[in-house]
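J.: attaching a predicted model along with its sequence, questions to come.
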Amino acid sequence: MAIKQLSVFVENKKGSLHEITDLLAKENIDLRSMCVADTNNFGIVRIITTEPERAVEVLKAEGHAANVREITAFAVPDQPGGLAKVLSLIESSGRDIEYSYALITSEAGKAYSVMRTDDDKKTEELLKANGIELLDGDHLK
Amino acid sequence: MEKRKYYQPEIETMPVEEIKKLQSEKLVKQVKHVYEHVPYYRDMMDEKGVKPEDIHGIEDLYKLPFIEKKDLRETYPYGMLAVPLEDCVRIQSTSGTTGRRVIAYYTQNDVNLWEDCCARALVAVGADKEDVVQVSYGYGLFTGGPGLNGGSHKVGCLTLPMSSGNTERQIQFMTDLKATVLCCTPSYAAYIGESLKEMGYTADTIPLKAGIFGAEPWTQGMRRSIEETLGIKAYDIYGLTEISGPGVSFECSEQNGMHICEDHFLAEIINPETGEPLPEGEKGELVFTCLDKEAFPLLRYRTRDICVLSRKPCSCGRTHIRMAKPMGRSDDMMIIRGVNVFPSQIEAVLINEGFSPNYQIKLSRVNNNDTFDVYVELPPEQFDDSVKIITAKEKSLEVALRAMLGIGPSVHLVPPKTIARSEGKAVRVIDERKLHD
């Protein structure tokens, strides 16, 4: 149970993000969510799309350093404290979160998020055992 | 007691004709010594068809083959040694290309003559027995620390063997023990000056009166700024491990060119393309022949420094020929924070660490200190979507480069194909420093 995330390495400079989204737009690839992590020098653009495998080929063909990886996705009740409960579980289990961001949600009353931790498999087991709903690619359609 | 003007007056003020005569006598002997004891150089001479008997004086110098850095690499570690190893008492070393260092050997006489040169430099800037000399060059394989340390002993100064770094401690010793002469790289002098200023010291309250700053290029502007901040006279010194170390030449009170210790080191200027000797006053590559050294007596060693020599009389009374500050290099060596760095060394580390050799070196100078950045293209297969992992890769490259070079650059990973290429060839070095006037 996981969804696929496209990531690409970019320079932290004007126009980098536009170049990536433009390449994908030209191929008619639909973006569902995006998160940019930036440092002084570089940025990592993380994208959730319905066609990650095709998207990564488009970027690689243009010489970009890009990859696709599976990432933990889950739904929480769309109410105050919904996400905090999950994060509390993660923290008390000793897992370390690399990054996390929200996704477009297609169901009323729910909020979707993704997360990478230092051990995604154990994280998913933990969420499952605590009754947190995990998402897969079908939820993006 | 009146201060000494010269450390070895009879040599330093010897009439030019006598110096030339002395050089000729020494050269004839030295060529014979090298020919007999260094098979590598003997083969080079044989190949050129020149025998020791063909060398009658300095006018025959041009007949001898050049020694280049590649020859030192080829003969590593013992091939240029001209005495039995048991007669050697010291090595010093400098970074070479592609990881192979240059090792220079010294007999006790070699150490003595090198330290004499440093002593001459110290006396030339006004140091004498009552002075306190703070040596803040690195000690160890680098020649800066040991050379000035030995020179300071010979003059009879109280020597503070500080080595480089730990600026707080440097300043404590400098102010508590009232150091009067500072020896270090010009960029470190500028840094110490800024630190003193921040602590509230002014040119009047800093005890220093003179500084000997070398091992890296610096401009007149930098000299003025250091002199103002520290309230001193700042003097240049030149040298290289292959020839001995600092003190091959040094500035006098005139601050107008460095007197070469001509009784030990015979200098020429050649056309770097053709190898032809050039007349005095013309700009070209500086070449040295060691006249007295026993263990590692390089003949016609190409320094790759571009420079001009001048025989004009100097008001300080020294008769030894003066060399201008080097104006550049005839190879791709960079001098960063006083350390010699070749792009090929960086390339070797990158390949070794699994990176492609698509990189760019950017050098700049901020507050008189060199900044050293290396931009490296991230191979697509090494990409990871975690900032932590990419940053860790940068750090580990920094560690590997520091281990190779002796100084640490900041490494920046950049996306593939983002390093500027000019006519298909990557521009390896962007040097924004103003190194020469």
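T.: Now that the structure is in, tell me what you want to look at. Residues are numbered from 1 along each chain as shown, chains lettered A, B, ... in the order given.
J.: hang on, residue B:186 packs against residue B:219?
T.: No - with contact defined as CB atoms under 8 Å, residue B:186 does not reach residue B:219; the gap is 9.2 Å. Backbone N, C-alpha and C define where each C-beta goes, glycine included.
J.: can you list the residues of chain A near chain B?
T.: Contacts of chain A with chain B, taken as CB under 8 Å from any CB of the partner chain, map to A:5, A:7, A:9-11, A:37, A:39, A:41-42, A:44, A:46, A:60, A:63-67, A:69, A:98-99, A:116.
J.: show the buried residues in those.
T.: Neighbour counting over the residues of chain A next to chain B (16 or more other CB atoms under 10 Å in any protein chain shown) leaves A:5, A:7, A:9-11, A:37, A:41-42, A:44, A:46, A:64-67, A:69, A:98-99, A:116 as the buried ones.
J.: contacts for the lengthiest helix in chain B, please.
T.: Counting by DSSP state H, the longest helix found in chain B is helix B:16-37. Residues outside helix B:16-37 that contact it (CB atoms under 8 Å, 6 or more residues apart in numbering or on different chains): B:14, B:41-42, B:45, B:51-52, B:55-61, B:64, B:81-83, B:262-263, B:266, B:289-292, B:294, B:297, B:299, B:311, B:319-320.
J.: and residue 92, backbone torsions?
T.: Went with chain A since none was named. phi -70, psi -20 (degrees, to the nearest 10).
J.: actually chain B
T.: Main-chain torsions, residue B:92, degrees, to the nearest 10: phi -130, psi 160.
J.: before we move on, what about the one 10 residues further on?
T.: Note on residue B:102: backbone dihedrals following degrees, to the nearest 10 are phi -100, psi 130.
J.: bridged to it, which residues?
T.: On the basis of DSSP bridges, residue B:102 is bridged to residue B:94.
J.: that one: what's it in contact with?
T.: Listed by CB under 8 Å, 6+ apart, the contact set of residue B:102 reads B:69, B:72, B:73, B:76, B:93, B:94, B:95, B:96, B:241, B:242.
J.: let's see that with 10 Å instead.
T.: B:69, B:72-73, B:76-77, B:80, B:92-96, B:240-242, B:296, B:340 (CB atoms under 10 Å, 6 or more residues apart in numbering or on different chains).
J.: and it, how far is that from residue B:76?
T.: Here residue B:102 is placed at a distance of 8 Å from residue B:76 (CB to CB, to the nearest Å).
J.: next: residue B:43.
T.: From residue B:43 to residue B:76 the distance is 17 Å (CB to CB).
J.: these two: which has the busier surroundings?
T.: More crowded of residue B:43 and residue B:76, by other CB atoms under 10 Å in any protein chain shown: residue B:76, with 14 against 11.
J.: wasn't that one part of a strand?
T.: No - the assignment for residue B:76, made by DSSP: H, G, I helix; E, B strand; the rest coil, is coil rather than a strand.
J.: quick check: pLDDT value at it.
T.: Residue B:76 carries a pLDDT value of 92.
J.: give me phi/psi at it?
T.: Residue torsions, per degrees, to the nearest 10, at residue B:76 are phi -60, psi 140.
J.: and for residue A:47?
T.: According to degrees, to the nearest 10, residue A:47 has phi -130, psi 140.
J.: number of nearby residues for it?
T.: A count of neighbours around residue A:47, defined by other CB under 10 Å, yields 24.
J.: grab the longest strand from chain A for me.
T.: Scanning chain A for the longest strand, with DSSP state E as the assignment, gives strand A:66-77.
J.: how about the contacts made by residue B:204?
T.: residue B:231.
J.: actually residue B:247, not the one I typed
T.: Here residue B:247 is in contact with B:113-122, B:143, B:147-148, B:150-151, B:212, B:214, B:237-239, B:258, B:261, B:264-265 (CB under 10 Å, 6+ apart).
J.: chain neighbours aside, what residue packs nearest to whatever residue of chain A ends up closest to chain B?
T.: Of all residues in chain A, residue A:7 sits closest to chain B, at 3.5 Å by CB to the nearest CB. Of all residues not flanking residue A:7 in the chain, residue B:385 sits nearest, at 3.5 Å (CB to CB, 6 or more residues apart in numbering or on different chains).
J.: specify the local secondary structure of the one you found.
T.: On the three-state scheme (three-state DSSP), residue B:385 is labelled coil.
J.: wait, it touches residue A:98, no?
T.: Yes - between residue B:385 and residue A:98 a contact is recorded at 8.4 Å, counting by CB atoms under 10 Å.
J.: what do those two both touch?
T.: Both residue B:385 and residue A:98 are in contact with A:37, A:71, A:116, where contact means CB under 10 Å, 6+ apart.
J.: rebuild those residues as CSV, extending it with pLDDT.
T.: Below are those laid out as CSV (pLDDT from 0 to 100):
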residue, pLDDT
A:37, 93
A:71, 93
A:116, 94
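J.: between those residues, which sits nearest residue B:352?
T.: residue A:37 (28.8 Å; CB to CB).
J.: tell me which element that closest one is part of?
T.: According to DSSP states H and E, residue A:37 maps onto strand A:31-38.
J.: pick out the residue of the stretch 201-350 of chain B closest to chain A.
T.: For the stretch 201-350 of chain B, CB to the nearest CB, closest residue to chain A: residue B:350, 16.0 Å.
J.: typo on my end, it should be the stretch 151-300 of chain B
T.: For the stretch 151-300 of chain B, CB to the nearest CB, closest residue to chain A: residue B:191, 23.3 Å.
J.: what is the neighbour count of that residue?
T.: 18.
J.: how far off centre is whichever strand or helix holds it?
T.: According to DSSP H and E, residue B:191 maps onto helix B:186-198. Averaging C-alpha positions (CA atoms, centre = their mean, to the nearest Å) puts helix B:186-198 21 Å from its chain's average.
J.: and the next helix or strand past that helix?
T.: Downstream of helix B:186-198 (by DSSP H and E), the next one is strand B:210-214.
J.: who are the packing partners of that following strand?
T.: helix B:108-124, strand B:132-135, helix B:144-155, strand B:181-184, helix B:186-198, helix B:220-230, strand B:233-239, strand B:246-251 (3 or more CB pairs under 10 Å, 6 or more residues apart in numbering or on different chains; DSSP states H and E).
J.: and the ones you listed as JSON lines, adding mean pLDDT?
T.: Shown next, in JSON lines, are the helices and strands packed on strand B:210-214 (pLDDT from 0 to 100):
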{"stretch": "helix B:108-124", "mean pLDDT": "98"}
{"stretch": "strand B:132-135", "mean pLDDT": "98"}
{"stretch": "helix B:144-155", "mean pLDDT": "98"}
{"stretch": "strand B:181-184", "mean pLDDT": "98"}
{"stretch": "helix B:186-198", "mean pLDDT": "91"}
{"stretch": "helix B:220-230", "mean pLDDT": "93"}
{"stretch": "strand B:233-239", "mean pLDDT": "97"}
{"stretch": "strand B:246-251", "mean pLDDT": "98"}
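J.: so which of the ones you listed is nearest residue B:374?
T.: Short answer: helix B:186-198, nearest of the helices and strands packed on strand B:210-214 by CB to CB, at 18.7 Å.
J.: okay, the angle between the closest one and strand B:233-239?
T.: 150 degrees (axes from the mean of the first three to the mean of the last three CA atoms, to 10 degrees).
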